[in-house]
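> Following is a predicted model, sequence given first.
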Amino acid sequence: MRDFFIKALEGIITLTIVVVAVAILVVTIGAMFGGVPVGDFWIEGPTHAAIVAIGGTLGLLVVGGTLYLGLGKYNNTARTADALELLITLRR
C-alpha cells in the first residue's frame with residue numbers, strides 16, 4: 001500500500017511538472033505580445049519573453065528537483081534498509 005502512494009505521488013509530480021512546463025511556454029508566447037513598465041521604459045517583445053522563459057524554467061527546475069530529491073531519499077532509504085536486513089540475515 002505504501003508503494004502505491006509513493007508511485008502515485010511520483011506520477012502526480014511528473015504530471016504537475018509537465019503542466020507547468022506547458023504553462024511556461026504559453027505565458028512566454030503571451031509575453032511576446034505584451035509589455036511591462038519598468039521605471040520610465042517598457043520591457044517588451046523578445047526580451048520580455050526571454051526573461052519569462054528563463055525565470056519560469058529556473059523556478060521549475062528548482063521546485064521539480066526538490067520534489068524529486070524527496071522521492072529519491074525515500075527510495076534510497078528503502079534500499080538501504082533492505083540491504084541491511086539482507087546483511088543481518090546472511091550473518092546469522
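Here it is on my side, so go on. Residues are numbered from 1 along each chain as shown.
> Need the single longest helix in the chain, by residues.
If you go by DSSP state H, the chain has its longest helix at helix 46-91.
> If we go by neighbour counts, what in the host helix or strand of G11 is buried?
Per DSSP states H and E: G11 is located in helix 2-31. Using 16 or more other C-beta atoms under 10 Å as the test for burial, helix 2-31 gives 13, 17, 24, 28, 31. Yep, even glycine has a C-beta here, placed from its N, CA and C like the rest.
> Equivalent analysis for stretch 76-87, please.
Result for stretch 76-87 [16+ other C-beta under 10 Å]: no buried residues.
> can you pull the contacts of R79?
By C-beta atoms under 8 Å, 6 or more residues apart in numbering, the contact list for R79 is empty.
> Report the separation between it and T89.
16 Å (C-beta to C-beta, to the nearest Å).
> Then I24?
Between I24 and T89 the distance, using C-beta to C-beta, works out to 49 Å.
> just V62 next, same as before
In terms of C-beta to C-beta, V62 sits 41 Å off from T89.
> so where is the protein shaky, pLDDT-wise?
The model of the chain has pLDDT under 70 over residues 35-36, 38.
> Centre-most residue in it?
In the chain, the residue lying closest to the centroid (C-alpha atoms, centre = their mean) is G64, at 1.5 Å.
> Just confirm it contacts L15, I think it does.
No. With contact defined as C-beta atoms under 8 Å, G64 and L15 do not form a contacting pair (11.6 Å).
> Mind listing the shared neighbours of these two?
Common neighbours of G64 and L15 (C-beta under 8 Å, 6+ apart) do not exist.
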